[in-house]
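Asker: Next comes the sequence, and after it the predicted model I'd like to discuss.
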Amino acid sequence: MITFRDVTKVLSGRAVLDGVSFNVKRGETFVIVGPSGAGKSVTLKHMVRLLTPDRGDVLVGDVTVSAAAGGELELIRERFGYLFQGGALLAWLSVAENVALPLREKTRMKNEEILERVHETLRLVGLENDGHKQPSEISGGMQKRAGLARAIIRRPEIVLYDEPTSGLDPVTSRTIDDLIDGLREELGVTSVVVTHDLHSALSIGSRIAMLHGGKIVELAPPAEFIKSSETEVRKFLESQFITKEGSWGQAR
Amino acid sequence: MITREPEYFPPPRGPLGWVGRTVMFACRPVGRATILFVNALLSLRYIFQKRSRREVVMQMYVYGIKSLAIITIVAVFTGMILALNTGIALRDYNQEERIGVAVMVSMLREMGPFMTGLILAACVGSAMAAQLGTMVVSEEIAALEIMSIDPVRFLVMPRLAAMSIMTPVLTFYTCIMGVVGGGIVGVLLLDVSWDVYLDNALLFGEVKDLYVGLLKALLFGIIVTIVSCHCGFSTTQGAVGVGMSTRKAVVVSFLMILIAGLLVTGMFYY
């Protein structure tokens, strides 16, 4: 569904992505892990052309995103929902207005239909009683859930998550993980998740890719990922107290 | 696209490299601001949509009505200073009743649009640049683009429309308040009766002065909006960058207002 073909991206004179190639399959939850500065968010931004590769191609279906412009790019982006690290909610709109924004701006739905859809989506993320609040009045976790509601309000085929659990307490992190999992099961969306949190990655991922030094050093399902003998993967797993004997692989 | 890729330029080689780089850095913001202005103008075709109308009215309130207090104070004091300075000079020739002419013509031609432009650049332009800069830093602009919502139509067009309407209106108000301020000084300090002051002011105030002043005001409104929005959208480096963008927006707006004011005066009166 999403294909990276030998993608190289140089930022500030440094190759953040160096010949990266992988393929995200329809309906799977593809998780990208790696240390800070490894190029995880950069990879995500290439999928919606917030960044363009210096070399190589990014394809969504048969369409080359990196060459799309104008209306074509708009059509591609309409297939995506994107959850930003901080939620990226517009500060002067209420939570409900933020969630309704894509429908108000990009569809001809009637107000009643929009309100109904917003309520339904807010209920899905557990914010049905917080729609009237301003983003500044809710916690970081709630902002992320509101951002997620806005990302999925138009029922996109693909949802991209940039550090969905960073800075959240373990309980809220698990709630977000359950939401991501629920969306895949209930709506059949394809998900690409960028995270530092290996526990989260192992519990929600269909496949996990590890980026290090601009390259993918491991790409495997969770059960195989924790058994990887790759030095960087082992270091990363051990830093989060995950051993080869862990039971994460069986969770999926 | 407003969201831009981080740019990196290796150090230039030799003097020619430095010159090229300096010229590029000087010209590029001008080009980008011009493109932003053209896109904002093209987006004006959406102004009659319900949401856009509501947004324009809200911006008119935020940028116009909320600036009234400071504009009133500055305008009245400007008129008073003008009247006092001119009155003291004219008293030597027993012509102090003519202060109405000096205040009216100065306010209409220069001081009205100029003071309004500077106040709006300082109060409104800085707020615009800071708001848009913060939106860039917190990825709200990128979020809009991914939702296929054009940030220029969504954010710049309503501000441009609101400022284009409110700056001339506020300038007219500034002129009136300036004349009132001048009158207060005339009556209280220079022993000029209110009727004589007003007769002189209205007799010598020409329609041309009014429309040239309002034209300047329109131009200043556009300058403040485009410069501030461009500076806001160009923000990088987080909170520090927002501060730098805000400062740049005010400084560049001030300079552009001065240059544009001189050009318009030269065009109509030289």
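Answerer: All right, it came through fine. Numbering: from 1, shown residues only, chains lettered A, B, ... in the order given.
Asker: which stretches of the stretch 151-252 of chain A aren't confidently modelled?
Answerer: Within the stretch 151-252 of chain A, the ranges that satisfy pLDDT under 70 run A:244-252.
Asker: So for the residue of the stretch 151-270 of chain B found nearest chain A, what's the pLDDT?
Answerer: When distances are taken as Cβ to the nearest Cβ, the stretch 151-270 of chain B reaches nearest to chain A at residue B:154, 7.5 Å away. Glycine gets a C-beta too; all of them are placed from N, C-alpha and C. On the pLDDT scale, residue B:154 is placed at 94.
Asker: was I right about it contacting residue B:144?
Answerer: Yes - using Cβ atoms under 8 Å, residue B:154 is in contact with residue B:144, at 6.2 Å.
Asker: Which one of these two is surrounded by more residues?
Answerer: residue B:144 (23 against 20; other Cβ atoms under 10 Å in any protein chain shown).
Asker: so the more buried one makes contact with residue B:153?
Answerer: No - contact criterion Cβ under 8 Å: residue B:144 and residue B:153 do not qualify, at 9.9 Å.
Asker: Tell me where the chain has helices.
Answerer: You didn't say which chain, so I picked chain A. A:40-47, A:70-77, A:95-106, A:111-124, A:140-152, A:170-187, A:198-204, A:222-225, A:231-239, A:248-251 (DSSP state H).
Asker: nope, chain B please
Answerer: So, for chain B - with DSSP H - the helices run B:14-43, B:50-63, B:68-91, B:99-106, B:112-120, B:126-137, B:140-146, B:151, B:157-189, B:194-204, B:207-233, B:238-269.
Asker: Point out the most buried one among those helices.
Answerer: helix B:112-120 (a mean of 27; mean count of other Cβ atoms under 10 Å in any protein chain shown).
Asker: Which elements pack onto it?
Answerer: helix B:68-91, helix B:157-189, helix B:207-233, helix B:238-269 (3 or more Cβ pairs under 8 Å, 6 or more residues apart in numbering or on different chains; DSSP states H and E).
Asker: could you redo these as CSV and give each row distance to residue A:205 and mean pLDDT?
Answerer: Listed next are these as CSV, based on distance: least, Cβ to Cβ, whole Å; pLDDT from 0 to 100:
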stretch, distance to residue A:205, mean pLDDT
helix B:68-91, 56, 93
helix B:157-189, 42, 94
helix B:207-233, 36, 94
helix B:238-269, 31, 93
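Asker: out of those, nearest to residue A:35?
Answerer: Closest approach to residue A:35 among the helices and strands packed on helix B:112-120 (Cβ to Cβ): helix B:238-269, 21.0 Å.
Asker: what's the angle between the closest one and helix B:126-137?
Answerer: Here helix B:238-269 runs at an angle of 140 degrees relative to helix B:126-137 (axes from the mean of the first three to the mean of the last three Cα atoms, to 10 degrees).
Asker: Report whether helix B:238-269 contacts chain A.
Answerer: No - interface with chain A: helix B:238-269 contributes nothing (Cβ under 8 Å from any Cβ of the partner chain), its closest point being 12.0 Å away.
Asker: related to what we said a few turns ago, which residues touch the residue of the stretch 151-270 of chain B closest to chain A?
Answerer: A:105, B:144 (Cβ atoms under 8 Å, 6 or more residues apart in numbering or on different chains).
Asker: same thing with residue A:187?
Answerer: For residue A:187, counting by Cβ under 8 Å, 6+ apart, the contacting residues are A:152, A:155.
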